[in-house]
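**Student:** Let's see this in three dimensions:
(one chain, ligands or ions: 1)
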Amino acid sequence: MSKKLSVLSDRCPQNHPCPSVIVCPYGALRQSGFKAPKVDYDKCVSCGKCVRFCPKRALVLAEA
Ligand code: SF4
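**Tutor:** Presented below is the predicted three-dimensional model:
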């Protein structure tokens, strides 16, 4: 089974630079302004590293 990363934008306060964007080793997260980050699914390998860095738990890995 594969997992897919989701961004739960209602959990993201969208008022600061997303700390998870810079921890992704694959450059798969992008943030426009202070909006909730977007996932580039061509780059994301579902490693879960970013999930651990979001203090609001707005990034979730779940079975696809
Ligand atoms: S799950 Fe891994 S590869 Fe995907 S965005 Fe998060 S840190 Fe990057």
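**Student:** How about the residues of the protein by the ligand?
**Tutor:** 5, 24, 26, 28-29, 39, 44-50 (CB under 6 Å from any ligand atom). (Glycine included, C-beta is placed from N, CA and C.)
**Student:** For these, pick the one with the most neighbours.
**Tutor:** Greatest neighbour count in the residues of the chain next to the ligand, by other CB atoms under 10 Å, goes to residue 50: 26 neighbours.
**Student:** got the contact list for residue 63?
**Tutor:** For residue 63, the contacting residues are 1, 2, 3, 4, by CB atoms under 8 Å, 6 or more residues apart in numbering.
**Student:** Which of those fall in strands?
**Tutor:** Counting by DSSP state E, those place 3, 4 in strands.
**Student:** Any chance of the contacts of residue 63 in CSV with pLDDT and neighbour count as columns?
**Tutor:** Output for the contacts of residue 63, formatted as CSV (pLDDT from 0 to 100; neighbours: other CB atoms under 10 Å):
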residue, pLDDT, neighbour count
1, 71, 4
2, 91, 6
3, 96, 14
4, 97, 13
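**Student:** any chance of the contacts of residue 63 in TSV, plus distance to residue 62?
**Tutor:** Converted to TSV, these look like this (distance: CB to CB, whole Å):
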residue	distance to residue 62
1	10
2	10
3	6
4	7
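**Student:** Please narrow the residues of the chain next to the ligand to those residing in strands.
**Tutor:** Here DSSP E is the test, and these give 5, 29, 39 as lying in strands.
**Student:** Look up the pLDDT of the first one for me, please.
**Tutor:** If I follow you right, that is residue 5. The score at residue 5 is 98. That number is its pLDDT.
**Student:** so which strand or helix has residue 52?
**Tutor:** Assessed by DSSP states H and E, residue 52 sits inside helix 49-53.
**Student:** Check which helices and strands that helix is in contact with.
**Tutor:** Applying 3 or more CB pairs under 8 Å, 6 or more residues apart in numbering; DSSP states H and E, one finds that helix 49-53 contacts helix 19-23, strand 59-63.
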